[in-house]
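In: attaching a predicted model along with its sequence, questions to come.
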Amino acid sequence: MELLEEMEKELQKLFNLDDYENAVKLLEGIIDKNQNNAILTNRAAYNLGRINYYKGNLDSAKSIFSYALSFVNDDVYSLFYLGLIFENKNKIADAIRSYSSCLETNPDLDQLHHKIQKLSLNLTSEDSFIDEVITKTEKKVKLVKHNMPLISIIILCYNKLEFTKKCLKSVFSNTFYSNYEVLVVDNASVDDTSGYLEAFGNKIKFIHSNKNLGFVGGNNLAINYAEGDYVVFLNNDTEVKPKWLIGLQSVFTYYPKAGVVGSMLVFPNQTLQEAGGIIFSDGTGWNYGRNDKLNVSKYNFVREVDYCSGASLIVRKSILTKLGGFDPLYSPAYYEDTDLCFSTRKLGYKVYYSPFSKVVHHEGITSGTDTSTGFKKYQLINKIKFEEKWKKELSQQEDKKSANIFTSSNRNKGKSILIIDDIPPFPDRASGALRHYHILKQMIDLGYNVTYAHLTGRNFVDEHSLGYFAEFEMQGVEFVWFNYETWWNFRNSPESKSIKEDLLKGLEIENRKFDLIYIAFWFIAEYFIDIIRNMLPNTPILLDTVDIHFLREKRKAEISKLKMDMEQAIDTKKRELAVYQKADMIVTVTEQDKIEIRKEKVNKPIFLLPNVHDFVETTISFSEREGLLFVGSFNHDPNTDAVLYFVREVFPIIKKKIPTIMFYIVGINPPEEIKKLNSKNIIVTGWVPEVKPYLEKCRVSVVPLRYGAGMKGKVGETLSYGVPMVSTSIGAEGMDIENNVHAFISDNPKDFAERTIALYQNENIWNQFSKRGKKLIDSNYSCLNIRRKIKYIMKFDTRESLKTYEALKNSSYPKYSIILVTYNQINYTLECIKS
């Protein structure tokens, strides 16, 4: 796949540059050197065939397409081009056969039915096959659209040819989106702009104006020629970066009400020019982030904004049609882009800023920077027009003198939450991270603005991790790396306090107006809770236990019998409980964890936020599965102990009964003692991008945990896939799993082995456990359930509200709602309530 991607990327560059001579050399070289790679050779031959076809070399093209088919015989588009060649040579029956083969391979190519029908009008055939094909096409008249919406890119030029050249070169080199057109307007330039643009031929739509229509008039002229579903307005003094267009268009996928999306604008010196715009109540604008660094977290997530500058702006064509383009009121230029954004909102759409689209803007090249002369003077003139037109809307904007830039920069006014966690919320890294992944998703769905600070980050720079970051940033989450790796060695020393303070000051935490500080794990709270309380004396602090650490360590010490382990557990308990007392509220994963904390006289509101497991449709049966499965992160000591215990004391008994059985150990960062277990019957995979393939092929999950606390993500995940399990009591705790109903539960190694064998070999038991376990998970640990719990917690939005009876007594939203209707007779009402 990598070779194919490299070829297509290089070929795209050559096509964009009209360098077909080198494109042919590239493809011929690939064909000569890669005969053993069928797919790569097929794609190279196919592209070489296309080049020859469009050059008019039909005989060569026919031979090359046939050659491509010898490697991949169902290559539908090589078949299609053969049909075109036969059609050009007036071999109608052969053309129909080729098109028919295309339809057999890909029935979605409905437009071929039209071709066959049209060709059949000129054919007299006694061939029964041809007659049958023609008959089948008679009722097929549906047209198929391109799989990506067409985007029209409008570039307005006025002299400064050297910048237009750079702009177009960057567009053709860095636009990997598959369906776009480029429209270029020459606004009556006196330099060589017109001649240069004419030379592009059909590669662009060239529009010449005999007079300078300004920004408004020139762009409105081009809109009439634009055929796309979306229109991009791109200044000619810009240079686009790779993926810039995808970075704009994809916002519409995530936000159905998006009407306008603007790029991150960058100065040539690689400092920030604009990360979305702010409009104050007096009509003046603010380029958010101007002159700051590009990588600052507050500029690197998608946000709803007041406006974005027209230097790089994508708009739904339907909106432009309704509005008639830019308002001529602002001719020739300035405030027309801001007005367009306000008009878009009035139509019920929203305006977004996307950092995934980066565009270098040589600001002021066309119009200069002096507001007293030339076009630039219209900046002040049009501000007055804008104020008058949008007087009502401006009254709702923040005052420039008293505005909070953070709140002004984001029009989403949902609750604002700062989360501080150990690692990013990636679902394939750890059980706790999977839970936080789901919590974060539900916060997004509830409309909250989330800043997610993670201590560690050095291990999350691979493509897979960056994909998770991008997914959440596209949904409006800000990520901040606290660079824990650089201060871990002295994390508990007095010297580290200034580092922690600087991290929070770097977030400008005192100006952010967070509604809640959400800290995961007691040891992270120990680092930051006193500093945060000093900075934000009135903001509620939530501490998510994830699991009760001192309980886990106590259980470990009881197994190891080591004095040092028990001393560690006692020390952890003292410190952990001290931190819980400093929080305003505590979240536990299970009711059992809540009870353990209550035993220690912690008189704080304790809410429940269990693990979450999405509904999974599974159809893979008992007989289609084989092997045992353990899933767990080896950054977590109990998992290492569990696997070693299972392999040493349980698995040998199972192997005696089932000699060929396989045991798959799946999880990140296995230590050497786990890696050494690799053998004929044991596979240690290490980290895998997806656990799903193992959950779909293994027959039984084993959870041989001897110590731990809280709810085990591996348990819920396996049951959600309908994979029955055998577990210890520690592994099964916290999820209402009943022995012999949802799973087998055993703490004795011999009994654990026998129950595993029974479950592995008895299809009836397997089916019962699969069905019941899945029902348990789907009923109690759904996304809807946790969303309601989060919403309930967030209703306690002040420190005082967390001291109320309801907060202290109710760990979750009410199970029942009692509605009382009253009409006078207050005495009866009071008696009713009292009863």
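Out: Now that the structure is in, tell me what you want to look at.

In: shaky segments in the stretch 51-200 of the chain?
Out: Low-confidence segments of the stretch 51-200 of the chain, defined by pLDDT under 70, span residues 54, 108-112, 114-115, 121-147, 190, 195, 199.

In: any chance you could map the helices in it?
Out: Counting by DSSP state H, counting those that start in this stretch, one finds helices in the stretch 51-200 of the chain at the ranges 58-71, 76-88, 92-105, 111-120, 128-137, 161-174, 193-198.

In: and the ones you listed: which comes nearest Gln568?
Out: With Cβ to Cβ, the closest approach to Gln568 among the helices of the stretch 51-200 of the chain belongs to helix 161-174: 54.8 Å. Bear in mind the C-beta positions are built from the backbone N, C-alpha and C, glycine included.

In: give me the buried positions along stretch 282-292.
Out: Going by neighbour count (16 or more other Cβ atoms under 10 Å), the buried part of stretch 282-292 is Gly283, Gly285, Trp286, Asn287, Tyr288, Gly289.

In: next one: the third one from Phe744, what distance?
Out: Translated: Trp286. Trp286 is 63 Å from Phe744, where distance means Cβ to Cβ, to the nearest Å.

In: do the last one as well
Out: Gly289 sits 57 Å away from Phe744 when distances are taken as Cβ to Cβ.

In: on that earlier part again, so which of the buried residues of stretch 282-292 comes closest to Asp584?
Out: Comparing every one of the buried residues of stretch 282-292 with Asp584 (Cβ to Cβ), the shortest separation belongs to Tyr288, at 32.0 Å.

In: I'd like to know how far the closest one sits from Leu272.
Out: Using Cβ to Cβ, Tyr288 is found at 9 Å from Leu272.

In: what sits in contact with each of the two?
Out: Contact with both Tyr288 and Leu272 is made by residues Tyr299, according to Cβ atoms under 8 Å, 6 or more residues apart in numbering.

In: hang on, isn't Asn635 packed against Pro670?
Out: No. Because the distance of 10.0 Å does not satisfy Cβ atoms under 8 Å, Asn635 is recorded as not touching Pro670.

In: next up, phi/psi of Val315, please.
Out: Here is the backbone geometry of Val315 (degrees, to the nearest 10): phi -140, psi 140.

In: surely it touches Asp337?
Out: No. At 9.8 Å, Val315 and Asp337 do not qualify as touching, with contact defined as Cβ under 8 Å.

In: okay, and the common contacts of these two?
Out: Listed as contacting both Val315 and Asp337 by Cβ under 8 Å, 6+ apart are Phe233.

In: could you pull out the helices for the stretch 651-800 of the chain?
Out: With helices called from DSSP H, counting those that start in this stretch, the stretch 651-800 of the chain shows them at 651-657, 672-675, 692-697, 713-720, 729-732, 749-761, 763-780, 783-794.

In: determine which stretch of these is the most buried.
Out: Mean neighbour counts were compared across the helices of the stretch 651-800 of the chain using mean count of other Cβ atoms under 10 Å; the top stretch is helix 713-720, at a mean of 26.

In: which strands or helices does it pack on?
Out: In terms of contact count using 3 or more Cβ pairs under 8 Å, 6 or more residues apart in numbering; DSSP states H and E, helix 713-720 is assigned the packing partners helix 431-445, strand 628-631, strand 700-703, strand 725-727, helix 763-780.

In: quick one: contacts for the closest residue to Gly310 other than its chain neighbours?
Out: The shortest distance from Gly310 to any residue that is not its chain neighbour, by Cβ to Cβ, 6 or more residues apart in numbering, is 3.3 Å, and that residue is Asp337. Listed by Cβ under 8 Å, 6+ apart, the contact set of Asp337 reads Phe233, Tyr307, Cys308, Ser309, Gly310, Leu313, Phe326.

In: how does it look with 7 Å?
Out: Contacts for Asp337 (Cβ atoms under 7 Å, 6 or more residues apart in numbering) come out as Tyr307, Ser309, Gly310, Leu313.

In: before we move on, what SS does the third one have?
Out: Read it as Gly310. Under the three-state scheme (DSSP: H, G, I helix; E, B strand; the rest coil), the conformation of Gly310 reads as coil.

In: so for the longest helix along the chain, what gets flagged as buried?
Out: Selection of the longest helix in the chain by residue count, based on DSSP state H, yields helix 563-582. Neighbour counts over helix 563-582 (16+ other Cβ under 10 Å) mark Asp565, Met566, Gln568, Ala569, Thr572, Lys573, Arg575, Glu576, Leu577, Val579, Tyr580 as buried.

In: show the average pLDDT along it.
Out: Helix 563-582 shows a mean pLDDT of 96.

In: again with stretch 709-721
Out: Average pLDDT, stretch 709-721: 86.

In: next: stretch 750-757.
Out: Predicted confidence along stretch 750-757 averages 97 (mean pLDDT).

In: distance from the chain centre to that stretch, please.
Out: Stretch 750-757 has its average C-alpha position 42 Å from the chain's average C-alpha position, going by Cα atoms, centre = their mean, to the nearest Å.

In: what do you get for stretch 389-405?
Out: 33 Å.

In: gap between the two ends of it?
Out: By Cα to Cα, to the nearest Å, the extent of stretch 389-405 from end to end equals 24 Å.

In: that one: which residues count as buried?
Out: Neighbour-count burial for stretch 389-405, with 16+ other Cβ under 10 Å as criterion, is recorded at Lys389, Trp390, Leu394, Gln397, Glu398, Ala403.

In: just stretch 184-200 next, same as before
Out: Along stretch 184-200, these residues count as buried under the neighbour rule (16+ other Cβ under 10 Å): Val184, Val185, Asp186, Asn187, Ala188, Ser189, Thr193, Ser194, Tyr196, Leu197.

In: need the helices of the stretch 651-800 of the chain in CSV with distance to Tyr816, can you?
Out: Supplementary listing: the helices of the stretch 651-800 of the chain in CSV, determined by distance: least, Cβ to Cβ, whole Å:
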stretch, distance to Tyr816
helix 651-657, 47
helix 672-675, 48
helix 692-697, 36
helix 713-720, 26
helix 729-732, 29
helix 749-761, 38
helix 763-780, 17
helix 783-794, 14
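
In: quick check: longest strand in this structure by residues?
Out: When secondary structure is assigned using DSSP state E, the longest strand within the chain turns out to be strand 350-361.

In: tell me how far stretch 443-451 is from the chain's mean position?
Out: In terms of Cα atoms, centre = their mean, the centre of stretch 443-451 is set 14 Å apart from its chain centre.

In: what sits up against that stretch?
Out: Outside of stretch 443-451, the residues that reach it under the criterion Cβ under 7 Å, 6+ apart are 410, 412, 414-419, 440, 475-478, 480, 787, 790-791.

In: again, only using 8 Å
Out: Contacts of stretch 443-451 with the rest of the structure, by Cβ under 8 Å, 6+ apart, involve 297, 410, 412, 414-419, 440, 472, 475-478, 480, 507, 512, 514, 787, 790-791, 794.
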